[in-house]
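1. What follows is a predicted protein model with its sequence.
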Amino acid sequence: MHITIIAKSPVPGLVKTRLCPPCSGEQAAAVAAAALKDTIDEINAIVTPCEVRRMLLWDGEPLDLVPDGFELAFQQGNGLGARLANGFRQLGPGVIIGMETPHVAFALADAIRAVTSGIDAIGLATDGGYWSIGLCASTVEIVDDVFAGVQMSRSHTGLAQLRRLHQLARKVRLLPMARDLDNFDDLRSVANSGRAGELPLLARKLVNAIGA
């Protein structure tokens with residue numbers, strides 16, 4: 001069983017490009033790095049009902065230092081759907097989460113309980129996507145069917161993914177809905193959230209500097 005963050009190396013010009021403008025490439029990369037750091041911290045704080053591997057499913061140059069408590073694997077395939085499918089194929093049953101929603105990482109303990117008991121899980125995002133997906137052992141056996149043909153990064157992706165799981169006769173646990181961090185309005189929302197962590201602190205600094 002695993003909790004895995006699917007993440008991209010925070011290289012200016014390659015991550016969080018929808019923040020630019022008004023952010024610079026360097027500022028957007030700093031946002032990505034802060035989001036990843038907070039997500040790692042929140043996952044390390046979770047008490048799970050069973051032994052769980054903590055993984056980074058990485059895209060980009062290898063990390064010089066893997067965070068304490070985490071193992072490193074690399075993304076494979078063209079497109080997010082293929083990379084998710086290959087991630088589950090490589091790691092087995094568990095939960096994969098994006099790198100920018102640390103504020104709902106607490107729900108992953110419930111997702112692990114569901115997956116352990118043979119129930120899949122999904123956390124929908126307010127922009128129409130989803131911030132996490134958990135697949136149990138029997139669903140991992142048909143993982144190609146789970147993601148094949150589901151269009152990613154669309155306004156209906158989350159519901160399409162949920163519909164696919166139901167079409168496959170899977171029981172699904174719905175996790176809390178969350179807001180992703182894609183554009184400057186999302187960054188402003190993080191700045192105004194009152195949350196702790198490196199990401200909200202950086203968001204407040206950037207919004208005060210360039211977003212007034």
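-> Received it, and whenever you're ready, just let me know what you need. Numbers count the residues shown, from 1 in each chain.
2. Next up, phi/psi of residue 126, please.
-> Main-chain dihedrals, residue 126, degrees, to the nearest 10: phi -70, psi -20.
3. do residue 79 as well
-> The phi/psi pair for residue 79 (degrees, to the nearest 10) reads phi 90, psi 150.
4. Any idea how many residues pack against the nearest residue to it once chain neighbours are set aside?
-> Once flanking residues are discounted, residue 79 sits nearest to residue 152: 6.5 Å by CB to CB, 6 or more residues apart in numbering. C-beta here means a position set from N, CA and C on the backbone, and glycine is covered the same way. When neighbours are defined as other CB atoms under 10 Å, residue 152 has 16 of them.
5. Residue 143 now?
-> Residue 143, neighbours per other CB under 10 Å, totals 17.
6. ok, and the closest non-adjacent residue to the residue minimising distance to the centre of the chain?
-> For the chain, the residue nearest the mean C-alpha position is residue 98 (0.9 Å; CA atoms, centre = their mean). Closest residue in space to residue 98, ignoring its immediate chain neighbours: residue 131 at 5.1 Å, by CB to CB, 6+ apart.
7. Three-state assignment for the one you found, please.
-> Three-state assignment for residue 131 (DSSP: H, G, I helix; E, B strand; the rest coil): strand.
8. the helices in this structure, which residues?
-> 25-44, 80-91, 108-116, 137-140, 143-147, 157-167, 184-191, 198-210 (DSSP state H).
9. Mind putting the ones you listed into JSON lines with distance to residue 123 and mean pLDDT?
-> Formatted as JSON lines, the helices of the chain follow (distance: least, CB to CB, whole Å; pLDDT from 0 to 100):
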{"stretch": "helix 25-44", "distance to residue 123": "13", "mean pLDDT": "95"}
{"stretch": "helix 80-91", "distance to residue 123": "14", "mean pLDDT": "96"}
{"stretch": "helix 108-116", "distance to residue 123": "8", "mean pLDDT": "96"}
{"stretch": "helix 137-140", "distance to residue 123": "16", "mean pLDDT": "98"}
{"stretch": "helix 143-147", "distance to residue 123": "16", "mean pLDDT": "97"}
{"stretch": "helix 157-167", "distance to residue 123": "9", "mean pLDDT": "97"}
{"stretch": "helix 184-191", "distance to residue 123": "16", "mean pLDDT": "95"}
{"stretch": "helix 198-210", "distance to residue 123": "18", "mean pLDDT": "95"}
